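In: dropping a prediction and its sequence here:
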Amino acid sequence: MTQQTETKNFIEICPGCLACYNQGRLTFYWFQINKDTTLEQIERALDVEEIHRRAKTPFVCGGEEVHIQDNDFGGGEYMLAEELFGYVELLKLVPNFDYIRAFKDVYLMEDEFDYKTKEPSNQFKEFADSVQVFDNIDEQNTHLEYEFMEIYDVSETDRLYHYIDWSTVRHDMLIDMNRAEVNGKIYLWRGI
């Protein structure tokens, strides 16, 4: 029996006041984005006055710029609200944010979502269509072996089956694949 790992079905950003940061003070708070978060909520979260209010610090710095001081998904420091809302839109293609984390683990700073057209990138669509999730390495290896047998029309009753070097087969099949591990799960998909 495989152990199920709890997943955080949200991402977190830490919006902060850039003026305070440049003056040697940290004025920030953590904000969670989930599948129900609206663009307006994200815009409010990135408002410099809202940051000061939530951080419980007086707004005396006169700052206007906001930057993302930290996040848990590999995003940039100066993401727009529309870019962050794109992650909510990506959830329409995958079950939870761990899929997005797995994608970003391989394509660290790629554009997953074009906020001007409000569409996921073709690269992310291909990922969402082809990604397979495994609970452990044994499940992954079994899948690769069966895929090999299907491609080359080999069955367990064939004489050659017993002479196949399965570790080499798995290694060679993984060459054209992307692989990421997130929260105890293995995400595997064809190279894009």
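Out: Yep, that arrived. Since the model is a prediction, treat every value here as computed from it, not as a measurement.
In: is residue 124 in contact with residue 112, as I believe?
Out: Yes - with contact defined as CB atoms under 8 Å, residue 124 counts as touching residue 112 (4.5 Å). Where you see a C-beta, it was placed from the backbone N, CA and C, and this is true even at glycine.
In: now residue 183: how far from residue 127?
Out: 17 Å (CB to CB, to the nearest Å).
In: higher neighbour count, those two?
Out: Neighbour totals were compared for residue 183 and residue 127, and residue 127 leads with 26 against 13 (other CB atoms under 10 Å).
In: do a quick rundown of the helices in the protein.
Out: Secondary structure of the chain, counting by DSSP state H: helices at 18-22, 39-45, 48-55, 81-90, 97-106, 122-130, 137-151, 166-174.
In: which strands or helices does the helix or strand bottoming out on mean pLDDT in the chain pack on?
Out: Every helix and strand of the chain was ranked by mean pLDDT, DSSP states H and E. The lowest is strand 113-114, at a mean of 82. When contacts are defined as 3 or more CB pairs under 8 Å, 6 or more residues apart in numbering; DSSP states H and E, strand 113-114 packs onto helix 81-90, strand 119-120.
In: quick check: which of those is nearest to residue 29?
Out: Nearest of the helices and strands packed on strand 113-114 to residue 29, taken as CB to CB: helix 81-90 at 15.0 Å.
In: okay, now the unreliable bits of this protein?
Out: 1-7, 109-110, 192 (pLDDT under 70).
In: now list whatever residues contact both of residue 124 and residue 112.
Out: Residues touching both residue 124 and residue 112 by CB atoms under 8 Å, 6 or more residues apart in numbering: 90, 103.
In: between these two, which is the more surrounded one?
Out: The neighbour comparison of residue 124 against residue 112 (other CB under 10 Å) goes to residue 124, with 25 against 22.
In: re the thing from before, the least confident helix or strand of the chain: partners in the sheet, and parallel or antiparallel?
Out: Using DSSP bridges, the strands paired with strand 113-114 are strand 119-120 (antiparallel).
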